[in-house]
Every structure is written in structure tokens, then in C-alpha cells.
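>>> Can you look at this prediction? I've put the sequence above it.
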Amino acid sequence: MKARGRCFRYKQVIVVRGDIEMSRGKIAAQVAHAACEAFENARKMVPDIWRAWREEGSKKVVLVAGEKELLEIYEKAGLLGIPRALIRDAGLTELPPGTLTAVAIGPYYDEEIDKITGNLRPLK
């Protein structure tokens, strides 16, 4: 994918729940949790891809989906060997404990991630 003249071969996608009420701060925290956990998983699982992703600029995309879709994304990524993270809230602020809030996949090859998340809409 090209962005402003740059070509990205790798990316990380974070998908946050759009079907539950969360404040902007809560959304930001859940996205950060997912991104960090998937980052660490990628560092261990696919260190060459992880390193290349960091060197080309660490592209991240945040999308929105429902709970069922988050679970499907997590499962599909696992079947393809893509690093992933599933985030459930601790329940200390806005949500009941264990509420599924976000999933992150990658960093991994851009086109492989698009096969799983290419139909989702961006967070606005």
C-alpha cells in the first residue's frame, strides 16, 4: 500500500468494538493494549517481519467491528500464523469485567492482513 509516496509492505491492524459504548479515552486505551500485546507476540513469532515493519515506519490502522467479527478476525489470524492479541477489559472503569474490546493482528504482510480485515471501516 502507498501512502504519500511511501510504499508499505507490512502493517498492524487494530480492530475495536463499535457496538458498545466506550469513551474516546477508553477506546484509545484498548487500542493501545491490543497494539502492544500483538507487537510483543510478533517480536517473538516473526522477528524478521517485526524488524522490517519497524524499519519502514510501523504502519498501524484502526478499524471498527462488532464482537462476533473480532472473534472471527482473531481465529482467522491464528489459522494463518499471523501474530495477534485479543483484549478483554478488566472492568475497573466503564465496562463489565471480561468485556471483549479489541483485537490486533500483525505486524505482518499488508496483503495477508487485508484478506482478513479489508472489508471493515476505519475508526472515526
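Done, it's in.
>>> Identify all contacting residues around the helix or strand harbouring Asp114.
Assigned by DSSP states H and E, Asp114 belongs to helix 110-117. Counting by Cβ atoms under 8 Å, 6 or more residues apart in numbering, helix 110-117 makes contact with 1, 8-13, 15, 59, 61, 63, 73, 76-77, 80, 82, 105-106, all of which sit outside it. (Each C-beta comes from the backbone N, C-alpha and C, glycine too.)
>>> So what touches the helix or strand that that helix is followed by?
Downstream of helix 110-117, the next assigned helix or strand under DSSP H and E is strand 121-122. Here strand 121-122 makes contact (Cβ under 8 Å, 6+ apart) with Val61, Val62, Leu63, Val64.
>>> and if you look at stretch 11-18?
By Cβ under 8 Å, 6+ apart, stretch 11-18 touches 1, 22, 27, 30-31, 34-35, 38-39, 42, 53, 58-67, 69-70, 73, 100-108, 110, 113, 116-117, 120, 123.
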